[in-house]
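Visitor: Curious how this folds, go ahead:
(chains A and B)
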Protein chains: 2
Amino acid sequence: MKKKVLKFGGTSVGSIERIVHASKIIKRESDSGNKLIVVVSAMAGKTNELISMSKSVSNNFSKRELDVLLSTGEQVSCALLSGALNKIGIKAKSFMSWQIPILTDGENNNARIINMNVTQIDNYLVGGGVAIIPGYQGISNLGEITTIGRGGSDATAVAIAKIFDTDSCEIYTDVDGVYSTDPNKIPIAKKIDKISYEEMLELSSLGAKVMQSSAVQTAMIYDIPLQVRSTFTDRQGTIIFNKENLNYSKAVTGVAYSKDDAKITLQSVEDKPGVAAEVFEPFEINKINIDMVIQNVSSDGKTTDITFTIKREDLNKSLEILKKNNKIRFKNLSYKNNVAKISIVGAGMVTTPGVTYKMFRALSEENINILAISTSEIKISVIIDEGFTVKAVKKLHNIFNLN
Amino acid sequence: MKKKVLKFGGTSVGSIERIVHASKIIKRESDSGNKLIVVVSAMAGKTNELISMSKSVSNNFSKRELDVLLSTGEQVSCALLSGALNKIGIKAKSFMSWQIPILTDGENNNARIINMNVTQIDNYLVGGGVAIIPGYQGISNLGEITTIGRGGSDATAVAIAKIFDTDSCEIYTDVDGVYSTDPNKIPIAKKIDKISYEEMLELSSLGAKVMQSSAVQTAMIYDIPLQVRSTFTDRQGTIIFNKENLNYSKAVTGVAYSKDDAKITLQSVEDKPGVAAEVFEPFEINKINIDMVIQNVSSDGKTTDITFTIKREDLNKSLEILKKNNKIRFKNLSYKNNVAKISIVGAGMVTTPGVTYKMFRALSEENINILAISTSEIKISVIIDEGFTVKAVKKLHNIFNLN
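Guide: As a prediction, the model looks like this:
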């Protein structure tokens, strides 16, 4: 008998049929004698629908009331799933975040879970019940409804796994695991059986939207193994856990790519302490997200080149910002609006020599020009022409034996 | 400066545009210096949609979870209305029933409000804020979400008026008041400016669905004047209050009629103590609602005739029930499946002689046969052929000077 957290995402509870289907998965787990805490998201599309309603009222809708509004999404899923479980003879009950309570800290729309009361739910589990809990929300110390950011149901699941000290945390979603690259675009993609938290984080930040990153981070900090698996098949999913538990037969675990990027290069920027901060401060103020930043060591000791990438939609505003910025001096500004970032990720990379070289040679073999390079301990990213994206991903997937 | 309850029904908050419109009414009341507690229903159609979802899961959906589900409807309206008020510069905040709290007694789906904490909201009003509260719901003494029955937002409004001792209770709805008869079917219908609680209750029970009856009853018990008015026009509505405050220039206030009725007569029923109970007990068990019951004094001391009306859809089942009932003996059973009940209602009736006679003569002038008669202190109802409904209502409306 194990104590488990099962989390069902929006598509897994996206219709009555799917809620009924999820109830059968829960029944199977319950019939196996497991004690279950189930976390649910809002039905697919619901949160967007509610956000859109709030925007119809005001583009600057009250953050407090937005949380009151959005929290209804998971409440609906909880009630329907509990009802579906009762119907098939499973003792189950929804617990709203104020009933538990789930305490959060921080501001509306962006709170974080700091604690939960375990007594009531533990008693319910001991009595043979399945506890159904809304993801993505909690209450503040003043008793206000709070939400914890998009994808926050993953964070709720991980927090419950930690606070209730469960044996496992299973994320039921609409994909059957984490893939070596995007299976929708690159059919040769392979499901990864096991992956480290770090690799998962890199892949997530590169667009593999299987789990919310902050939830993976929390799991990493507390060493809570995660299982990502499909609600719709019985196939084994992907286990995300500590890299010490992984046997790295492969240097590279996955190939990720980002879409809709643009690149800006400032040439011959006057090199002085704090210049990077002065370049990027107005971007922060204008809430434009900077992705990769590459700055070479100054060749002449006086000037340097700074290259960075942004989302394509932010390009025009970014160029304006740079032109208005009178705190920096540079000779030339160039940009390219159709670039892609291709990254190889692998915790085994550090112990495998030649990965970087192998990547660059592979791209050169395909006549793909590398515009910029950035590396971290478990990742190498390059910026290339967007038109070469699929070609590059396939080539890298191939030469690192991910097929 | 007055303390007011304003209640907005489902159609009054039925779309974003209507919520924005309601926010302007509230702003006008607030700008006039009133302290406001606003009660809102779920957006029109929402409660039915949620009920239908629950029925897709199970026809016997958990009552507890149904309340968790349904209570989200008003929560959504509260958040959107608060956001709309904030947008136009009004300090406003939603208070969920567990935050106040609104305490209820009784079972799920059919609880009743027994108390509320006033401190938090009174402080908020003193600070110049408008409190937005979900109708139709509360929490039990165990902290479970409860709902108080369809149309329960009216009951919430009246309970708030009582517990917060407000100066008025204004019900904003999609009609501009209570009418002398159904304005949709009988165009000569006139809006009633003032009506007593008792008359309103009779009219409600006869199909004038302007306010929920139990809310009117509560208002009557605590002598809380109600104003029913339209959200969509500035016309004065109807004031519902104590009949001592009414000046009865007219004997009759309104004419109501019911549709889809059927009549059953048991002839020569063996007359003994308890016979009526034995006739109707199986109807209670089968949850068939009996409307009018007429039993004459026994002419021979041995047998009597019993006539009663039911909804037409229950006719076949009712006939079956009577045939199976071996506790009663009768000579003959007759029925008519297309009858209507026409009622005149007026608190001035008791002090005006000849109302009954005038009604019967008027119907006879139109060659309308009266199949059964039932009277109460402020109401006379007759059963007639359904085909004569409109003719009868118009005639009565006319002779009692309601035009």
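Visitor: tell me the SS of A:Thr375?
Guide: strand (DSSP: H, G, I helix; E, B strand; the rest coil).
Visitor: what about whatever residue of the stretch 301-403 of chain A ends up closest to chain B, helix or strand, and which?
Guide: Residue nearest to chain B within the stretch 301-403 of chain A: A:Lys317 (26.1 Å; C-beta to the nearest C-beta). All C-beta atoms are positioned from the backbone trio N, CA, C, and that covers glycine. Using DSSP states H and E, A:Lys317 falls within helix A:315-324.
Visitor: If you count neighbours, what's buried in the next helix or strand after that helix?
Guide: In the C-terminal direction, the helix or strand that comes right after helix A:315-324 (DSSP H and E) is strand A:332-345. Residues A:Tyr335, A:Lys336, A:Val339, A:Ala340, A:Lys341, A:Ile342, A:Ser343, A:Ile344, A:Val345 are the ones in strand A:332-345 that count as buried (16 or more other C-beta atoms under 10 Å in any protein chain shown).
Visitor: Same list (the residues you listed) but as TSV, adding distance to chain B and pLDDT.
Guide: Listed next are those as TSV, based on distance: C-beta to the nearest C-beta, whole Å; pLDDT from 0 to 100:
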residue	distance to chain B	pLDDT
A:Tyr335	38	94
A:Lys336	41	93
A:Val339	40	94
A:Ala340	39	93
A:Lys341	38	92
A:Ile342	43	93
A:Ser343	40	92
A:Ile344	45	93
A:Val345	40	91
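Visitor: Just give me the closest of those to A:Met220.
Guide: A:Val345 (14.9 Å; C-beta to C-beta).
Visitor: Thought A:Ala44 was touching A:Gly73, still the case?
Guide: No: counting by C-beta atoms under 8 Å, A:Gly73 does not reach A:Ala44; the two are 10.1 Å apart.
Visitor: Neighbour count: those two, which is higher?
Guide: Per other C-beta atoms under 10 Å in any protein chain shown, whichever of A:Gly73 and A:Ala44 has more neighbours is A:Gly73, with 28 against 16.
Visitor: burial count for A:Ile102?
Guide: Using other C-beta under 10 Å, A:Ile102 has 27 neighbouring residues.
Visitor: Relative to A:Thr119, how far out is the closest residue to it other than its chain neighbours?
Guide: Leaving aside its sequence neighbours, A:Ile102 sits nearest to A:Gly138 (C-beta to C-beta, 6 or more residues apart in numbering or on different chains; 3.8 Å). According to C-beta to C-beta, to the nearest Å, A:Gly138 and A:Thr119 sit 17 Å apart.
Visitor: for A:Ser258, same thing?
Guide: From A:Ser258 to A:Thr119 the distance is 45 Å (C-beta to C-beta).
Visitor: Between those two, which is the more surrounded one?
Guide: A:Ser258 (21 against 9).
Visitor: which residue is nearest the middle of chain A?
Guide: A:Gln212 (3.1 Å; C-alpha atoms, centre = their mean).
Visitor: average pLDDT across the longest helix that chain A contains?
Guide: Using DSSP state H to define each element, chain A has its longest helix at helix A:63-87. With pLDDT averaged residue by residue, helix A:63-87 scores 98.
Visitor: do it and chain B meet at all?
Guide: Yes: using C-beta under 8 Å from any C-beta of the partner chain, helix A:63-87 comes into contact with chain B via A:64-66, A:68-69, A:71-72, A:75-76, A:78-80, A:82-84, A:86-87.
Visitor: Measure how buried A:Asp385 is and give me the count.
Guide: Neighbour number of A:Asp385 under other C-beta under 10 Å is 15.
Visitor: Using the three-state scheme, assign A:Lys24.
Guide: helix.
Visitor: Could I get the contacting residues of it?
Guide: A:Ile88 (C-beta atoms under 8 Å, 6 or more residues apart in numbering or on different chains).
Visitor: Just grab the bridge partners of A:Ile373 for me.
Guide: A:Val382 (DSSP bridges).
Visitor: what's it in contact with, if anything?
Guide: A:Ile373 touches A:Ile294, A:Ile380, A:Ser381, A:Val382, A:Ile383, counting by C-beta under 8 Å, 6+ apart.
Visitor: ok, and the most crowded of these?
Guide: A:Ile383 (26 neighbours).
Visitor: so that residue sits right up against A:Leu363, yeah?
Guide: No: between A:Ile383 and A:Leu363 there is no contact under C-beta under 8 Å: 11.2 Å.
Visitor: what touches both of these two?
Guide: A:Ile370.
Visitor: what are the phi and psi angles of A:Phe241?
Guide: phi -150, psi -170 (degrees, to the nearest 10).
Visitor: Give me the nearest residue to it, chain neighbours excluded.
Guide: Using C-beta to C-beta, 6+ apart, the nearest residue to A:Phe241 is A:Pro225, at 4.2 Å.
Visitor: re the thing from before, thought the residue nearest to the centre of chain A was touching A:Asp154?
Guide: Yes: counting by C-beta under 8 Å, A:Asp154 is a contact partner of A:Gln212 at 4.1 Å.
Visitor: what touches both of those two?
Guide: Joint contacts of A:Gln212 and A:Asp154 (C-beta under 8 Å, 6+ apart) do not exist.
Visitor: Neighbours of the residue of the stretch 201-350 of chain A found nearest chain B, how many?
Guide: At 16.8 Å from chain B, A:Thr231 is the closest residue in the stretch 201-350 of chain A, using C-beta to the nearest C-beta. By the measure other C-beta under 10 Å, the count of residues near A:Thr231 is 21.
Visitor: State the pLDDT value of A:Tyr248.
Guide: 67.
Visitor: To clarify, my last question referred to A:Met292.
Guide: Listed pLDDT for A:Met292 reads 86.
Visitor: Okay, and it sits in which element?
Guide: With DSSP H and E as the criterion, the answer for A:Met292 is strand A:290-295.
Visitor: Which secondary structure elements does whichever helix or strand comes after that strand sit against?
Guide: Proceeding N to C from strand A:290-295, the next assigned helix or strand is strand A:303-311, under DSSP H and E. The contact analysis (3 or more C-beta pairs under 8 Å, 6 or more residues apart in numbering or on different chains; DSSP states H and E) places strand A:303-311 against strand A:254-270, helix A:275-285, strand A:290-295.
Visitor: want to throw the ones you listed into TSV with distance to A:Asp31?
Guide: As requested, the helices and strands packed on strand A:303-311 are exported to TSV (distance: least, C-beta to C-beta, whole Å):
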stretch	distance to A:Asp31
strand A:254-270	35
helix A:275-285	53
strand A:290-295	47
